[in-house]
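Novice: I would like to see how this sequence folds:
(one chain, ligands or ions: 2)
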Amino acid sequence: MITTDTTTTLLKKHFGFDSFRPNQEAIINDLLSGKDLLAIMPTGGGKSLCFQLPALMLSGTAIVISPLIALMKDQVDALHANGIPAAFYNSSQSIDTQNEVLQNLREQNIKLLYVAPESLNFLLPHLNENNVSLFAIDEAHCISAWGHDFRPAYTQLGKLKKQFPNIPVAAFTATADVATQDDIVKQLHIPKAQKHLASFDRKNLYLEVRPGTNRLPQILRFLRNRKEESGIIYCLSRRSTETLAEKLVANGFQAQAYHAGLDTEERSRIQEDFVNDRTPIIVATIAFGMGIDKSNVRWVIHYNMPKNIEGYYQEIGRSGRDSLPAQTLLFYSFADVVKLRQFIEESPNREFQLAKLERMQQFAEALSCRRVALLNYFGEHISEDCGNCDNCKTPPQFFDGTVLTQKVCSAVYRLSENEPVGMLVDVLRGSKNAQLYEKGYQNIKTYGTAKDIPWLDLQQYIIQMVNQGILEIRFHEKGRLLLTPLAKKILFEGRKVKLASLQTKEKPALKERVE
Ligand code: ADP
Ligand code: ZN
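Specialist: Residues are numbered from 1 along each chain as shown. Ligands and ions are numbered 1, 2, ... in the order given. Below you'll find the model as predicted:
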């Protein structure tokens, strides 16, 4: 029986810490009693210690599967600094070094061995139930096609449990939605895995979503009172990071663009300047932020919508690490959804990615507490609204949108369910657009019947109808709109529709057209 005293003593002795972080002790105890487990802990939560400490206490070597060869050396160096014998094994090493590692494994000179999933096959013949203490799988979401970073080399990790049924397998990740969590357990063949779900709630982050129109003036207004604060603006493309950074500079802000197209030297210089408060604002693609340790990032803006909630969560999570209030702002535009859809169409695991994008979109369009929606996604349920998001601060107002919805549905029908949102809005607003006239749409009964509603608002209302399941968008067919059975109930059976009023939100002055 291992007592708390023993683990706490070792925690102090080898790592110099006085107490455990949330979940660490429970995970360690599970591993010490030979249980499989799945641990989801936010970045910086202290995952490594959860397998490093038991590795010291159990006989044999802990095999740690880690995808990033670059980080392995750092981890092993850190262990050495704490006096813990460890090594790594991967394709960047010479044959001689690899053989030396294998010899150390045979002679049981090391307590932890880090290995890249691609190199695991070479290692397997040297492992048996007597010389291995546990398997720790870092970044375990990589095993699942549902995860946001699927890596084929991970799929073979499923054989570990089959080959070594008595060795505990511990899967660790910082982000996995509920579907991914289930899939990890399935793929690793650890159906009885104990789940340790650390809270994902970052209460100090204010969550806000605004329509993605007229973004620059909105950003300038946002920044005006934050001159001394550090923040990151995420964009979808390299080019937009540069143009936006230039515009900010032209408006008197100190900003730098950052993306994977810059050379290594310049990138590390920009990072350094940011970390050391010389450059307060970074306009970046998602290449920026990984491994950056800066606690006083006060805000994160998403100029474009991220392609899934995992990415969004990770990116906003770079702000407010010091637990002081931080602001996050996501600009949501339908044009971004269309663009992201196009990217995804060309990707191999299209189906999963589309499902994830849809969840992201639902989050952006949520009319109730954003934090509830966000945490739900990761399987965490909070019982009360957060009070620290836009929807909690200014709840949307609803109005009876039945008549408007009927007009929209009728127009969709008259357009033979063959036109995208842009044309539908034009028809309802009585546009004089040439293409519309060519097709004779000016003769449709509902032509011009919603001309009092601004273009973008009308587009938003139609998106709400899509989200309520009244209309369907066929993205892969030029975004044409179709009526669903629900639409027929509204048209012919007097069914009522509630829509969220857009009057309370900031009024965009410019139009952003999506065709
Ligand atoms: P993760 O892998 O979850 O992102 P790490 O394992 O790298 O996080 O841990 C993040 C930091 O927290 C490290 O600097 C680690 O030394 C520190 N840490 C881990 N556990 C504790 C603890 N119980 N008390 C204090 N610091 C800890
Ligand atoms: Zn809320």
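Novice: How about the stretch 401-515 of the chain: which residue is closest to ligand 2?
Specialist: In the stretch 401-515 of the chain, no residue comes nearer to ligand 2 than residue 500, which is 15.4 Å away by Cβ to the ion. C-beta here means a position set from N, CA and C on the backbone, and glycine is covered the same way.
Novice: That residue - how many residues pack around it?
Specialist: Each residue near residue 500 was counted by other Cβ atoms under 10 Å, and the total is 19.
Novice: Mind listing what's buried along the host helix or strand of residue 282?
Specialist: In this structure, residue 282 is located in strand 281-284 according to DSSP states H and E. Under the neighbour-count criterion of 16 or more other Cβ atoms under 10 Å, strand 281-284 has 281, 282, 283, 284 buried.
Novice: Tell me the secondary structure at residue 299.
Specialist: The local conformation at residue 299, judged by DSSP: H, G, I helix; E, B strand; the rest coil, is strand.
Novice: what about it, neighbour count?
Specialist: 23.
Novice: That one is in contact with residue 225, isn't it?
Specialist: No: Residue 299 lies out of contact with residue 225 (Cβ atoms under 8 Å); the separation is 10.8 Å.
Novice: would you list every one of the helices in the stretch 151-300 of the chain?
Specialist: Under the criterion DSSP state H, counting those that start in this stretch, helices of the stretch 151-300 of the chain are mapped to 158-163, 178-187, 215-224, 238-250, 264-275.
Novice: Tell me which helix or strand comes right after the lengthiest helix in the chain.
Specialist: If you go by DSSP state H, the chain has its longest helix at helix 350-364. Using DSSP H and E, the helix or strand that follows helix 350-364 towards the C-terminus is helix 370-377.
Novice: So is whichever helix or strand comes after that following helix next to ligand 2?
Specialist: Once the chain leaves helix 370-377, the next helix or strand it forms, by DSSP H and E, is helix 390-393. Yes: part of helix 390-393 sits close enough to ligand 2 to count as contact by Cβ under 5 Å from the ion, namely residue 392.
Novice: which outside residues touch helix 390-393?
Specialist: By Cβ atoms under 8 Å, 6 or more residues apart in numbering, the residues outside helix 390-393 that reach it are 207, 208, 209, 210, 366, 367, 368, 369, 370, 385, 386, 387.
Novice: The second one reaches residue 389, doesn't it?
Specialist: In this case it means residue 208. Yes: the pair formed by residue 208 and residue 389 meets the contact definition of Cβ under 8 Å, at 6.8 Å.
Novice: ok, those two, which is more surrounded?
Specialist: Taking residue 208 and residue 389 together and counting by other Cβ under 10 Å, residue 389 has the greater number of neighbours (23 against 18).
Novice: how far away is the more buried one from residue 211?
Specialist: With distances defined as Cβ to Cβ, to the nearest Å, the gap from residue 389 to residue 211 amounts to 16 Å.
Novice: Could you do residue 337 as well?
Specialist: As for residue 337, its distance to residue 211 is 13 Å (criterion: Cβ to Cβ).
Novice: List phi and psi for the residue in the stretch 151-300 of the chain positioned nearest to ligand 1.
Specialist: When distances are taken as Cβ to the nearest ligand atom, the stretch 151-300 of the chain reaches nearest to ligand 1 at residue 174, 6.3 Å away. Residue 174 adopts backbone torsions of phi -100, psi -20, taken as degrees, to the nearest 10.
Novice: Find the nearest non-adjacent residue to it, please.
Specialist: residue 43 (4.6 Å; Cβ to Cβ, 6 or more residues apart in numbering).
Novice: So what's the predicted local confidence for the residue of the stretch 151-300 of the chain closest to ligand 1?
Specialist: According to the model's per-residue confidence, residue 174 sits at a pLDDT of 89.
Novice: Begin at 255, not 1, for the rest of this chat.
Specialist: Sure, I'll start counting at 255 from here, so that last one is residue 428.
Novice: burial measure for it, as a count.
Specialist: Per other Cβ under 10 Å, the neighbour tally for residue 428 reads 22.
Novice: swap in residue 558?
Specialist: A total of 22 residues lie near residue 558 under the criterion other Cβ under 10 Å.
Novice: gap between it and ligand 2?
Specialist: Residue 558 is 23 Å from ligand 2, where distance means Cβ to the ion, to the nearest Å.
Novice: Please determine how far that residue is located from residue 418.
Specialist: The gap separating residue 558 from residue 418 is 45 Å, by Cβ to Cβ.
Novice: and the closest residue to ligand 2 within the stretch 455-604 of the chain, how many residues sit next to it?
Specialist: When distances are taken as Cβ to the ion, the stretch 455-604 of the chain approaches ligand 2 most closely through residue 461, which lies 6.9 Å from it. Applying the criterion other Cβ under 10 Å, we find 24 residues in the vicinity of residue 461.
Novice: what does residue 288 give?
Specialist: Around residue 288 there are 12 other residues, counting by other Cβ under 10 Å.
Novice: got it, and residue 706?
Specialist: 9.
Novice: That one in helix, strand or coil?
Specialist: The assignment at residue 706 comes out as coil when based on three-state DSSP.
Novice: Next one: stretch 650-667, is it in contact with ligand 2?
Specialist: No: where contact is defined by Cβ under 5 Å from the ion, no part of stretch 650-667 touches ligand 2; the two come within 12.3 Å at best.
Novice: Name the residues of that stretch that are buried.
Specialist: Applying a neighbour-count criterion of 16+ other Cβ under 10 Å, one finds 650, 655, 658, 659, 660, 662, 663, 664, 665, 666, 667 buried in stretch 650-667.
Novice: Which residue is the nearest non-sequential neighbour of the first one?
Specialist: Read that as residue 650. Nearest non-adjacent residue to residue 650, counting by Cβ to Cβ, 6+ apart: residue 754, 4.0 Å away.
Novice: From ligand 1, how far off is that neighbour?
Specialist: Separation of residue 754 from ligand 1 (Cβ to the nearest ligand atom, to the nearest Å) stands at 38 Å.
Novice: Could you give the bridge partners of that residue?
Specialist: Beta bridges link residue 754 to residue 652 when assigned by DSSP bridges.
Novice: centroid residue for this protein?
Specialist: If you average the C-alpha coordinates of the chain and look for the closest C-alpha using Cα atoms, centre = their mean, you land on residue 564, 1.6 Å from that point.
Novice: sec struct for that residue, please.
Specialist: Look at residue 564: counting by three-state DSSP, its state is helix.
Novice: could you list every residue that touches it?
Specialist: Listed by Cβ under 8 Å, 6+ apart, the contact partners of residue 564 are 401, 402, 429, 430, 431, 610.
Novice: Phi, psi for the third one please.
Specialist: For residue 429, the backbone dihedrals (degrees, to the nearest 10) come out as phi -140, psi 120.
Novice: Hmm, residue 631 and it touching each other?
Specialist: No: under the contact definition of Cβ under 8 Å, residue 429 does not touch residue 631, with a separation of 9.9 Å.
Novice: How about the residues of the chain by ligand 1?
Specialist: Within the chain, the positions near ligand 1 by Cβ under 6 Å from any ligand atom are 271, 274, 275, 278, 295, 297, 298, 299, 300, 301, 302, 303.
Novice: Could you report the separation of the second one from residue 281?
Specialist: Looking back up the chat, that one is residue 274. With distances taken as Cβ to Cβ, residue 274 is found 9 Å from residue 281.
Novice: ok, the two, which is more surrounded?
Specialist: Neighbours per residue (other Cβ under 10 Å) separate residue 274 from residue 281, with residue 281 holding more: 27 against 19.
Novice: Can I take it that the more buried one is in a helix?
Specialist: Yes: looking at residue 281 with three-state DSSP, it is inside a helix.
Novice: one step back: mind saving the C-alpha coords of the longest helix of the chain as CSV?
Specialist: C-alpha atoms of helix 604-618 as CSV (Å, rounded to 0.1, in the frame of the first residue of the first chain):
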residue,chain,number,x,y,z
ARG,A,604,-13.4,15.7,-44.2
GLU,A,605,-16.4,14.3,-42.4
PHE,A,606,-14.9,14.8,-38.9
GLN,A,607,-13.7,18.2,-39.7
LEU,A,608,-17.0,19.4,-41.0
ALA,A,609,-18.7,18.1,-37.9
LYS,A,610,-16.2,20.1,-35.8
LEU,A,611,-16.7,23.2,-37.9
GLU,A,612,-20.4,22.9,-37.4
ARG,A,613,-19.9,22.9,-33.6
MET,A,614,-17.7,25.9,-33.8
GLN,A,615,-20.3,27.7,-35.8
GLN,A,616,-23.0,26.7,-33.3
PHE,A,617,-20.8,28.2,-30.6
ALA,A,618,-20.4,31.4,-32.5
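Novice: Fine by me, we can end here.
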